[in-house]
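[1] give me a 3D structure for the following:
(2 chains)
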Amino acid sequence: MNLEKVIFGFFIVLALTLNFGFFIGEFDNPAHHGIVELFLVIVVNLIATGLKLGDRSQIGALLLATSLVADLQLIAAAIVWAIAVHVTETGLASGVMASIVSLSGGALIANIISASILVSETVMLRR
Amino acid sequence: MQTPGSSRITYIALRYMRRPILVLITVYAVSMVGWILILGLDEEGNPQNLSFFHAFYFLTYTVTTTGFGELPHAFTDAQRMWGIVSLYAGVIAWFYALGSIIGLVQNPEYQRAIAERRFTRHVARITGPFCIVCGYGNTGALLTRGLSEAGMTVVVIDKNPERIKTLQLRDYRTDIAGLPADARVPEHLIEAGLRKKNCHAVVALTQDEEVNLKISVAARVLNPDAWIVTQSTSPAHEETLATLGENLHIIDPFQTYAKYLEATIANPLIHTLNQWLAGTPGATLDQVLRPPRGTWIVCG
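    Below you'll find the predicted structure:
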């Protein structure tokens, strides 16, 4: 067992599960989507991106690309949140919450792709 | 595995920056969690912790040592303590990241990749006919000088980086590009533009005749139209080289010297005329070499 591989897989899967946890719930209900969760999703996603740096294989490039997509969407969601709460002071109205959650939903897809690549690569190695 | 410089550059850079980026993310995340958890008070004394937005804002201006003060409200002493911790941790993380960037720029492997990319781009820009000279020793340097004087663009490959460096110090009339690499690797010959239509000739002039043979074979396979000029003193190698077909010129330095010597002894006037007609540097008609007459002992 390779510790580096464990950490790598851990962060990719954790990014996916946290992202799912934030995404799930009533679409536009702020009570179902916590900011702490969003923060954790962003941090774990960024760490996962960092771990994927410097792998020159085709699969490594694809993994990095999915991670960058997820980062982009999640950071956009955080920016929307910050603007709604601190700048326009509209608060987490249902429209705002809907756009935050849909952005995180996009990131969720990217994370699912990333995790499936990881799993399929492992399965191929087994053979 | 050898890959072209450009793809290696990003790979090395990303690999090098991986740890500093992870350190930065971790330090920021831990500091932000601290800021969210530590109790703060607003102006009226009501408890109000920093939001994620304000925590990130505070970190952004403190760890880059800008320092706008305690925002949005004056801090409690507990927050100030955490401020000290996050400031030092953040600044150290940034210094580590900057140090890594400087280390990356000085990394010899990275520099080699940069030089290789610059060389490949240089070669790609060559439009007129050019020659590839493998081996920049005395002969190679002399030949490069001659070709340059004749207005020919030259691409030099030598495995010794020091020699390639001296290339940049000399002033040539034409464009001379140099690659510090092993010419036996066909990849490097391709980088030097062997596959290009305007590649006029490949000259194999390294000290090792095995190497010269390998270069000649690779050059013939990769570009059947280019002339191949190679140096060889052993008949075995010459036999192999002869199978490479036409557009091939084998120079045996001993034979050439022997021919010159023979001509000088037997017929010095014809030799001088020949030199003059061939345009050898320094050859004039009134300068006839007169070797001593008599019996000669030839060694070798």
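[2] neighbours around the residue in the stretch 101-250 of chain B that chain A sits nearest to, how many?
    Nearest residue of the stretch 101-250 of chain B to chain A: B:L104, at 11.8 Å (CB to the nearest CB). The C-beta positions use only the backbone N, C-alpha and C, and glycine is treated the same way. B:L104 sits with 17 neighbouring residues when counted by other CB atoms under 10 Å in any protein chain shown.
[3] gap between it and B:A97?
    Taking CB to CB, to the nearest Å as the measure, B:L104 falls 11 Å from B:A97.
[4] anything in contact with each of those two?
    B:M17 (CB atoms under 8 Å, 6 or more residues apart in numbering or on different chains).
[5] looking at chain B, which residue ends up farthest from its center?
    Taking CA atoms, centre = their mean, the residue of chain B most remote from its mean C-alpha position is B:E44, at 65.9 Å.
[6] I'd like the distance between that residue and B:G83.
    22 Å.
[7] same check, this time on B:P108
    41 Å.
[8] likewise A:S114?
    36 Å.
[9] where does the chain have low pLDDT?
    By default, I'm working from chain A. By pLDDT under 70, the low-scoring segments of chain A are A:127.
[10] was after chain B, sorry
    Ranges of chain B meeting pLDDT under 70: B:1-6, B:281, B:287-289, B:300.
[11] which residue does chain A have closest to chain B?
    Relative to chain B, the nearest point of chain A is A:G54 (3.3 Å; CB to the nearest CB).
[12] enumerate the residues of chain B near chain A.
    By CB under 8 Å from any CB of the partner chain, the residues of chain B that approach chain A are B:7, B:11, B:14-18, B:21-22, B:25-26, B:29, B:32, B:36, B:51-53.
[13] with just CA atoms, put the one helix or strand A:G50 maps to into PDB.
    Assessed by DSSP states H and E, A:G50 sits inside helix A:35-52. Taking Å, rounded to 0.1, in the frame of the first residue of the first chain, the C-alpha atoms of helix A:35-52 are listed here in PDB:
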ATOM      1  CA  ILE A  35     -21.300  28.000   4.600                       C
ATOM      2  CA  VAL A  36     -18.900  25.900   6.600                       C
ATOM      3  CA  GLU A  37     -19.600  23.000   4.200                       C
ATOM      4  CA  LEU A  38     -18.900  25.200   1.200                       C
ATOM      5  CA  PHE A  39     -15.600  26.400   2.800                       C
ATOM      6  CA  LEU A  40     -14.600  22.800   3.400                       C
ATOM      7  CA  VAL A  41     -15.500  21.800  -0.200                       C
ATOM      8  CA  ILE A  42     -13.400  24.600  -1.600                       C
ATOM      9  CA  VAL A  43     -10.400  23.800   0.600                       C
ATOM     10  CA  VAL A  44     -10.500  20.100  -0.100                       C
ATOM     11  CA  ASN A  45     -10.900  20.700  -3.800                       C
ATOM     12  CA  LEU A  46      -7.900  23.000  -3.800                       C
ATOM     13  CA  ILE A  47      -5.800  20.500  -2.000                       C
ATOM     14  CA  ALA A  48      -7.000  17.800  -4.500                       C
ATOM     15  CA  THR A  49      -5.900  20.100  -7.300                       C
ATOM     16  CA  GLY A  50      -2.500  20.600  -5.700                       C
ATOM     17  CA  LEU A  51      -2.000  16.900  -5.400                       C
ATOM     18  CA  LYS A  52      -2.800  16.400  -9.100                       C
END
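[14] what's the neighbour count on B:T144?
    25.
[15] please list all residues in contact with the spatially closest residue to B:T139 that is not a sequence neighbour.
    Closest residue to B:T139 apart from its sequence neighbours, by CB to CB, 6 or more residues apart in numbering or on different chains: B:L205 at 5.1 Å. By CB under 8 Å, 6+ apart, the residues touching B:L205 are B:V133, B:C134, B:G135, B:G137, B:T139, B:G140, B:L143, B:N212, B:T230, B:Q231.
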